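How does the following fold in three dimensions:
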Amino acid sequence: MGGHSLPDAYAPRERGEASARRGRRTVVIATLLVLAVATGTGVAVKGALLSFSESCEDSAVHLSLAASPDIAPAVRSIAEQARADEVRSDGHCLDVDVVARDSYKVADALAGGGETPDFQVWLPDSDLWLDRAEGLGTGTPISPSDSVASFPVTLAVVPPASERLGWPKKTYSWAEVVTAALTADKIRLGSADPARSATGLLALTSIGGSSAQQGGDSDTRVAETAKVLAERMSDSDAQVLETLARSASGAEDGNPKRNQAVLISEQAAFAHNAEATGSGRLNLFYPEDGTPLLDYPYTLVDEEKLALAQSRAALRFMTLLNDSSSRAVFARYGFRPADGAAEDATVTSAGGKSPQPYAASAAEAPSAKALQEMLGMWTITVQSARLTTVVDASGSMSTPVPGRGQSRMDVTKESLIQALGQFAPDDEIGLWEFATTLDGEKDYRKLMEIRRLGDPAQGGSTHRERLSAAFAGLQPVPGGATGLYDTMLASYKEARSTYVKGKFNALVILTDGSDQDDDGISRSALNAELKELTDPERPVPVIAIAVGPDADREEVAEIARVTGGDGYEVSDPVEIQAVILQAIMAAGQNGRAAQE
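Model prediction:
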């Protein structure tokens with residue numbers, strides 16, 4: 001939330017470069033507004049508008065604003081009032097058209113570049129979508145600024161079930177309340193898809209952080225929670241509300257398909273309770289270890305291509321969204337102000353009640369890395385993975401990693417073994433290695449067939465244990481060149497021919513990119529063959545990870561993108577584990593988007 005002006009009690013953890021960009025953007029906006037006033041351009045100060053004689057029909061500046069569906073009605077109301085009041089910027093009337101767009105869809109579209117967006121301003125429900133929209137930095141540029149509203153993520157429970165959990169007097173941490181919900185007479189818990197919902201992702205990440213504080217095997221507990229949520233998952237926040245149990249008499253709804261508790265936002269509960277009566281209303285738990293905020297960062301899209309009048313009109317509308325009259329409109333729709341301060345009347349209407357800690361300081365925003373790792377774990381949980389792992393065994397993998405006292409291969413092996421622990425018994429993984437003339441005239445060798453990690457193996461072990469041992473046994477081939485292109489083609493052909501429907505099929509290739517053998521297929525010929533082999537109905541994205549300073553991410557990325565995958569770069573092989581999960585999440589999302 002970098003550029004947001006929050007009191008210290010609500011200030012989340014900074015997010016590195018993204019936070020710095022938003023901080024710099026706030027300074028630019030403030031400077032533009034000051035210059036506009038100083039030069040008499042007609043920007044309003046504290047609501048005092050200069051009068052103009054021109055007709056709004058002739059002078060209006062038209063803007064399109066894509067807003068998260070939950071906040072779109074409130075922003076549309078403010079835009080319509082501004083139009084009726086003939087609010088102006090630089091002498092031009094504001095004409096802002098507000099369209100409701102799912103934040104994840106906008107983020108994926110912006111990250112992919114392509115067609116020019118048909119909106120100039122974006123108002124996602126969380127700044128976590130900014131990181132996804134920025135992607136690898138090759139999509140449509142965005143300029144984030146301050147938050148215009150906020151509210152916390154909560155656990156909403158129907159009255160009969162909330163009473164069993166001791167609401168409102170009993171308070172819990174995130175880990176405790178979810179565990180209690182899953183064990184108290186098996187209360188059915190649902191959530192929106194964390195890959196599509198900021199609410200779902202922030203809640204799941206909070207559960208993970210809270211579980212880690214309890215010690216023990218927290219990863220297993222979080223994976224088990226994710227598995228339960230995956231079985232009762234909805235596509236969106238609006239749809240998850242439709243899964244709630246219904247009972248006009250106040251008795252327990254015994255329909256096993258309906259949820260009794262859901263992870264939703266305070267504002268979603270506010271909107272639901274505004275139309276519900278009696279036992280149809282929801283009671284909210286606010287975990288005592290802090291609830292993360294959805295924060296609605298006001299974001300300009302492809303700012304350099306905006307006309308000056310459009311840019312200033314967009315900034316003028318941002319100031320309008322932050323004035324006292326707009327804050328009153330947001331409150332009527334159940335939104336908190338940008339600093340997250342709780343209004344008792346809003347909380348009560350949403351279903352909160354003391355001593356639930358609804359006014360406590362917001363939890364620290366999870367880091368981009370934590371979110372990516374949770375998304376990777378979620379993708380694997382929702383859809384079992386079927387991966388062919390292909391590891392560079394060329395001589396250059398013996399190169400020492402600065403400051404670690406280990407070779408590239410040693411650190412790569414350790415990272416792969418750690419990453420293996422993130423996969424479930426139903427996931428299927430195999431292993432190849434490659435270097436020139438590794439197996440006769442071939443530059444590659446299959447070490448382990450793709451099998452379920454939980455399958456038994458000879459000697460009383462499992463495929464997971466044998467695969468871990470195979471990772472540990474990888475060794476660089478002295479004098480061996482990379483032989484990357486032939487290997488990519490051969491391993492892709494096999495992964496493509498052994499495709500299993502219903503699983504996330506992918507090819508994970510790790511290479512340091514040094515000493516590429518020129519005797520095999522050329523890059524252009526490889527791209528042409530991969531393009532011919534790809535099938536949208538049987539997607540097998542290549543996840544290419546360039547390891548070390550000699551690797552060329554752009555080279556492997558260009559090849560991987562032909563298959564619907566992408567290329568990644570790690571300067572230190574220890575980063576491989578996190579990158580694999582991030583890449584799986586991204587490829588899984590791309591595949592799902594292509595099917596819609």
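
Give the burial count for the closest residue to Gly479 other than its chain neighbours, as a bare number.
Nearest non-adjacent residue to Gly479, counting by C-beta to C-beta, 6 or more residues apart in numbering: Gly395, 5.2 Å away. Backbone N, C-alpha and C define where each C-beta goes, glycine included. When neighbours are counted by other C-beta atoms under 10 Å, Gly395 registers 17.

What pLDDT is listed against Gly395?
Note for Gly395: predicted pLDDT of 89.

and it, what is it in contact with?
Gly395 is in contact with 435, 476-481, 515, counting by C-beta atoms under 8 Å, 6 or more residues apart in numbering.

try it again with 7 Å
Applying C-beta atoms under 7 Å, 6 or more residues apart in numbering, one finds that Gly395 lies in contact with 476-480.

Only whichever of those are buried, select them in PyMOL.
In PyMOL syntax, the buried subset of those is picked out as below (16 or more other C-beta atoms under 10 Å):
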select buried, resi 476+477+480
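
Can you pick out the most distant pair from the contacts of Gly395?
The most widely separated members of the contacts of Gly395, counting by C-beta to C-beta, are Pro476 and Gly479 (9.5 Å).

State the distance from Gln422 to Ala385.
Counting by C-beta to C-beta, to the nearest Å, the separation of Gln422 from Ala385 is 10 Å.

who touches stretch 197-208?
Taking C-beta under 7 Å, 6+ apart as the rule, stretch 197-208 contacts 103, 125-126, 128-129, 153, 174-175, 178, 191-194, 222, 225-226, 236-237, 263-265, 292, 294, 363, 366, 370-371, 374-375, 378.

Buried ones among these?
Burial by neighbour count, 16+ other C-beta under 10 Å: within the contacts of stretch 197-208 this picks out 103, 125-126, 128-129, 153, 174-175, 178, 191-194, 222, 225-226, 236-237, 263-265, 292, 294, 363, 366, 371, 374-375, 378.

Out of those, list just those in helices.
103, 128-129, 174-175, 178, 222, 225-226, 237, 371, 374-375, 378 (DSSP state H).

now for those, which pair is the farthest apart?
For these, and using C-beta to C-beta, no pair is farther apart than Ser103 and Ala175, which are 26.7 Å apart.

Roughly how far does the residue nearest to Gly479 sit from Ala481?
Per C-beta to C-beta, Gly395 is found 8 Å from Ala481.

now swap in Ile187 and tell me
Distance from Ile187 to Ala481, by C-beta to C-beta: 59 Å.

Not counting residues beside it along the chain, what's closest to Ala363?
Nearest one to Ala363, counting by C-beta to C-beta, 6+ apart, is Gly290 at 3.0 Å.

Number of residues surrounding that neighbour?
Gly290 has 19 nearby residues by other C-beta under 10 Å.

pretty sure it contacts Pro366?
No: counting by C-beta atoms under 7 Å, Gly290 does not reach Pro366; the two are 11.1 Å apart.

Pull the CA coordinates from stretch 286-298 and hand them back as PDB.
What follows is stretch 286-298, C-alpha atoms only, in PDB (Å, rounded to 0.1, in the frame of the first residue of the first chain):
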ATOM      1  CA  TYR A 286     -12.600 -10.700  13.300                       C
ATOM      2  CA  PRO A 287      -9.400 -12.800  14.000                       C
ATOM      3  CA  GLU A 288      -7.400 -11.400  16.900                       C
ATOM      4  CA  ASP A 289      -4.100 -11.700  15.100                       C
ATOM      5  CA  GLY A 290      -5.200  -9.000  12.600                       C
ATOM      6  CA  THR A 291      -7.400  -8.800   9.500                       C
ATOM      7  CA  PRO A 292      -5.800  -7.700   6.200                       C
ATOM      8  CA  LEU A 293      -7.500  -4.800   4.300                       C
ATOM      9  CA  LEU A 294      -8.700  -4.600   0.800                       C
ATOM     10  CA  ASP A 295      -7.500  -1.100  -0.100                       C
ATOM     11  CA  TYR A 296      -8.800   0.000  -3.600                       C
ATOM     12  CA  PRO A 297      -5.700   1.800  -5.100                       C
ATOM     13  CA  TYR A 298      -6.600   4.500  -7.700                       C
END
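
For it, buried residues please.
Buried residues in stretch 286-298, counted by 16+ other C-beta under 10 Å: 286-298.

Find the residue ranges of the stretch 101-250 of the chain scoring beneath the pLDDT cut-off.
136, 184-186, 216-217, 220, 247-250 (pLDDT under 70).

Show me where it has its helices.
103-112, 128-134, 159-164, 174-183, 198-213, 218-231, 237-241 (DSSP state H, counting those that start in this stretch).

Residues contacting the first one, please?
Residues from elsewhere that reach helix 103-112, judged by C-beta under 7 Å, 6+ apart: 66, 68, 117, 122, 124-125, 129, 132-133, 135, 139-140, 142, 196, 198, 589, 593.

run the last query once more with 6 Å
Applying C-beta atoms under 6 Å, 6 or more residues apart in numbering, the contact partners of helix 103-112 are 66, 68, 122, 124-125, 129, 132-133, 135, 139-140, 196, 593.

Let's test this: name the helix or strand in the protein with the lowest mean pLDDT.
Least confident helix or strand, the chain: helix 16-38 with a mean of 41, by mean pLDDT, DSSP states H and E.

Which is the succeeding secondary structure element to that helix?
helix 56-59 (DSSP states H and E).

Asp302: what's it in contact with?
Going by C-beta under 6 Å, 6+ apart, Asp302 touches 140-141.

hey, where'd the helices end up in the stretch 301-450 of the chain?
Along the stretch 301-450 of the chain, counting by DSSP H, counting those that start in this stretch, helices occupy 308-321, 324-332, 344-350, 368-382, 408-420.

ditto for the stretch 451-596 of the chain
Going by DSSP H, counting those that start in this stretch, the stretch 451-596 of the chain shows helices at 463-472, 484-497, 523-533, 553-561, 576-595.

hang on, Ala419 packs against Gln577?
Yes: proximity of Ala419 to Gln577 meets the contact threshold set by C-beta atoms under 6 Å, at 4.2 Å.

where does the stretch 251-400 of the chain have low pLDDT?
251-254, 380.

switch the cut-off to 90
Where the stretch 251-400 of the chain drops to pLDDT under 90, the residues are 251-258, 276-280, 361-385, 395-396, 399-400.

ranges for the strands of it?
Remark: strands assigned in the stretch 251-400 of the chain by DSSP state E, counting those that start in this stretch are 261-265, 283-285, 293-294, 297-301, 385-392, 400-401.

right, so of these, which gets closest to Ser524?
The nearest among those, by C-beta to C-beta, is strand 385-392 at 20.9 Å.

Pull up the pairing partners for the closest one, direction included.
Strand 385-392 sits in its sheet next to strand 428-439 (parallel), strand 504-511 (parallel), going by DSSP bridges.

Taking helix 368-382 as reference, get the angle to that strand.
For strand 385-392 against helix 368-382, the angle by axes from the mean of the first three to the mean of the last three C-alpha atoms, to 10 degrees is 120 degrees.

what's strand 385-392 in contact with?
So strand 385-392 is contacted by 427-433, 474, 491, 495, 500, 503-512 (C-beta under 6 Å, 6+ apart).

quick one, what contacts Gly215?
With C-beta under 6 Å, 6+ apart, Gly215 has no contacts at all.
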